[in-house]
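Participant: attaching a predicted model along with its sequence, questions to come.
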Amino acid sequence: MKFLIGYDGSNTAKAALAISRTYAKTFNAGIVVVASVEGEIISRDFEIEKANANLTYAGQFLAEESIPTETQILIRGFRPGEDIVKFAIDNNIDAVFIGVRRRSKVGKMIFGSNAQYIILNAPCPVISVK
(Lines give C-alpha, C1' and ligand atoms only; values in the text may rest on other atoms or scores of the structure.)
Protein backbone atom coordinates (compact mmCIF):
# COMPACT_ATOMS: atom_id res chain seq x y z
CA MET A 1 0.00 0.00 0.00
CA LYS A 2 1.05 3.58 -0.64
CA PHE A 3 -0.37 6.64 1.12
CA LEU A 4 0.01 10.28 0.12
CA ILE A 5 0.04 13.28 2.38
CA GLY A 6 -0.08 16.85 1.17
CA TYR A 7 2.16 18.63 3.66
CA ASP A 8 2.66 22.36 4.18
CA GLY A 9 3.91 22.45 7.76
CA SER A 10 0.67 23.86 9.20
CA ASN A 11 -0.81 22.50 12.43
CA THR A 12 -3.53 20.69 10.51
CA ALA A 13 -0.91 19.15 8.20
CA LYS A 14 1.04 17.97 11.26
CA ALA A 15 -2.13 16.36 12.61
CA ALA A 16 -2.69 14.63 9.25
CA LEU A 17 0.95 13.49 9.26
CA ALA A 18 0.52 11.92 12.71
CA ILE A 19 -2.62 10.07 11.62
CA SER A 20 -1.00 8.91 8.38
CA ARG A 21 1.86 7.46 10.42
CA THR A 22 -0.61 5.46 12.53
CA TYR A 23 -2.38 4.16 9.42
CA ALA A 24 0.93 3.29 7.74
CA LYS A 25 2.01 1.25 10.75
CA THR A 26 -1.36 -0.51 10.89
CA PHE A 27 -1.50 -1.35 7.18
CA ASN A 28 2.25 -1.77 6.60
CA ALA A 29 2.18 1.01 4.01
CA GLY A 30 4.71 3.47 2.68
CA ILE A 31 4.06 7.19 2.62
CA VAL A 32 4.79 9.78 -0.03
CA VAL A 33 4.88 13.29 1.44
CA VAL A 34 4.43 16.05 -1.12
CA ALA A 35 4.53 19.82 -1.03
CA SER A 36 3.00 21.73 -3.92
CA VAL A 37 4.67 25.03 -4.77
CA GLU A 38 2.91 27.65 -6.84
CA GLY A 39 3.19 31.38 -7.17
CA GLU A 40 5.37 33.98 -8.79
CA ILE A 41 8.94 33.16 -9.76
CA ILE A 42 10.16 35.95 -7.47
CA SER A 43 8.82 34.22 -4.35
CA ARG A 44 9.28 30.66 -5.56
CA ASP A 45 12.82 30.22 -4.15
CA PHE A 46 11.57 31.07 -0.68
CA GLU A 47 8.61 28.69 -1.08
CA ILE A 48 10.91 25.88 -2.26
CA GLU A 49 13.22 26.43 0.71
CA LYS A 50 10.25 26.37 3.09
CA ALA A 51 8.86 23.23 1.41
CA ASN A 52 12.25 21.49 1.73
CA ALA A 53 12.36 22.26 5.45
CA ASN A 54 8.79 20.99 5.91
CA LEU A 55 9.52 17.79 3.99
CA THR A 56 12.69 17.18 6.01
CA TYR A 57 10.66 17.44 9.21
CA ALA A 58 7.97 15.09 7.87
CA GLY A 59 10.56 12.56 6.68
CA GLN A 60 12.25 12.52 10.10
CA PHE A 61 8.89 12.20 11.87
CA LEU A 62 8.00 9.13 9.80
CA ALA A 63 11.52 7.66 10.06
CA GLU A 64 11.07 7.49 13.86
CA GLU A 65 8.68 4.60 13.21
CA SER A 66 10.71 3.11 10.32
CA ILE A 67 7.98 3.87 7.79
CA PRO A 68 9.15 3.75 4.16
CA THR A 69 8.96 7.39 3.09
CA GLU A 70 9.49 9.45 -0.04
CA THR A 71 9.34 13.23 -0.12
CA GLN A 72 8.75 15.32 -3.19
CA ILE A 73 8.23 18.96 -4.09
CA LEU A 74 5.71 19.45 -6.89
CA ILE A 75 6.37 22.51 -9.07
CA ARG A 76 4.08 21.88 -11.99
CA GLY A 77 2.02 25.06 -12.24
CA PHE A 78 -1.15 23.58 -10.70
CA ARG A 79 -3.00 24.69 -7.61
CA PRO A 80 -2.14 22.44 -4.64
CA GLY A 81 -5.43 20.53 -4.77
CA GLU A 82 -5.02 19.75 -8.47
CA ASP A 83 -1.37 18.83 -7.96
CA ILE A 84 -2.18 16.32 -5.24
CA VAL A 85 -5.02 14.71 -7.22
CA LYS A 86 -2.86 14.41 -10.35
CA PHE A 87 0.00 12.94 -8.31
CA ALA A 88 -2.37 10.43 -6.68
CA ILE A 89 -3.67 9.33 -10.09
CA ASP A 90 -0.22 9.09 -11.68
CA ASN A 91 1.26 7.12 -8.77
CA ASN A 92 -1.56 4.69 -7.87
CA ILE A 93 -1.99 6.06 -4.37
CA ASP A 94 -4.27 4.04 -2.05
CA ALA A 95 -5.30 6.89 0.30
CA VAL A 96 -4.68 10.63 0.65
CA PHE A 97 -4.29 12.41 3.99
CA ILE A 98 -4.86 16.16 4.21
CA GLY A 99 -5.19 18.80 6.87
CA VAL A 100 -8.32 20.94 6.62
CA ARG A 101 -8.36 24.55 7.74
CA ARG A 102 -11.60 26.08 8.83
CA ARG A 103 -12.67 28.85 6.51
CA SER A 104 -16.00 30.61 6.11
CA LYS A 105 -18.31 29.66 3.25
CA VAL A 106 -17.65 33.06 1.65
CA GLY A 107 -13.89 32.50 1.94
CA LYS A 108 -14.24 29.12 0.23
CA MET A 109 -16.32 30.65 -2.56
CA ILE A 110 -13.80 33.43 -3.18
CA PHE A 111 -10.56 31.50 -2.72
CA GLY A 112 -11.70 27.95 -3.35
CA SER A 113 -10.69 25.05 -1.18
CA ASN A 114 -7.84 22.71 -1.96
CA ALA A 115 -9.22 20.18 0.50
CA GLN A 116 -12.64 20.29 -1.14
CA TYR A 117 -11.09 19.77 -4.58
CA ILE A 118 -9.08 16.78 -3.33
CA ILE A 119 -12.05 15.20 -1.56
CA LEU A 120 -14.26 15.52 -4.65
CA ASN A 121 -11.68 14.48 -7.28
CA ALA A 122 -9.20 12.06 -5.71
CA PRO A 123 -9.18 8.55 -7.20
CA CYS A 124 -8.96 6.99 -3.73
CA PRO A 125 -10.24 7.54 -0.18
CA VAL A 126 -9.32 10.87 1.41
CA ILE A 127 -8.79 11.20 5.16
CA SER A 128 -9.23 14.81 6.23
CA VAL A 129 -8.00 16.06 9.59
CA LYS A 130 -8.90 19.30 11.41
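Facilitator: Sure thing, it's come through. Numbers count the residues shown, from 1 in each chain.
Participant: and the longest helix for the protein?
Facilitator: The longest helix of the chain (DSSP state H) is helix 41-63.
Participant: beyond that helix, next helix or strand please.
Facilitator: strand 69-74 (DSSP states H and E).
Participant: and that next one, what's its mean pLDDT?
Facilitator: Strand 69-74 shows an average pLDDT of 96 in the prediction.
Participant: any idea which helix or strand comes after it?
Facilitator: In N-to-C order, the element after strand 69-74 by DSSP H and E is helix 80-90.
Participant: hmm, who's touching the next helix or strand after that following helix?
Facilitator: Once helix 80-90 ends, the next helix or strand along the chain (criterion: DSSP H and E) is strand 95-99. Outside strand 95-99, the residues within contact range by C-beta atoms under 8 Å, 6 or more residues apart in numbering are 1, 3-6, 8, 10-17, 19-20, 23, 84, 88, 114-115, 118, 122, 124-130. Using the backbone N, CA and C atoms, a C-beta is placed for each residue, glycine as well.
Participant: next step: those restricted to helices.
Facilitator: Reading helices off the contacts of strand 95-99 with DSSP H, I get 11-17, 19-20, 23, 84, 88, 114-115, 118.
Participant: among those, name the buried ones.
Facilitator: 12-14, 16-17, 19-20, 23, 84, 88, 114-115, 118 (16 or more other C-beta atoms under 10 Å).
Participant: now render those as TSV, adding distance to residue 66.
Facilitator: As requested, these are exported to TSV (distance: C-beta to C-beta, whole Å):
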residue	distance to residue 66
12	25
13	22
14	20
16	20
17	16
19	18
20	15
23	15
84	25
88	24
114	30
115	29
118	28
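Participant: what's the closest of the residues you listed to residue 32?
Facilitator: Comparing those against residue 32 with C-beta to C-beta places residue 88 closest, at 9.2 Å.
Participant: OK, contacts around the closest one?
Facilitator: 4, 96, 122-124.
Participant: residue contacts, the residue lying closest to residue 75 once chain neighbours are set aside?
Facilitator: The shortest distance from residue 75 to any non-neighbouring residue, by C-beta to C-beta, 6 or more residues apart in numbering, is to residue 37 (4.9 Å). Residues near residue 37 by C-beta under 8 Å, 6+ apart: 44, 47-48, 51, 73-75.
Participant: this completes my enquiry, with thanks.
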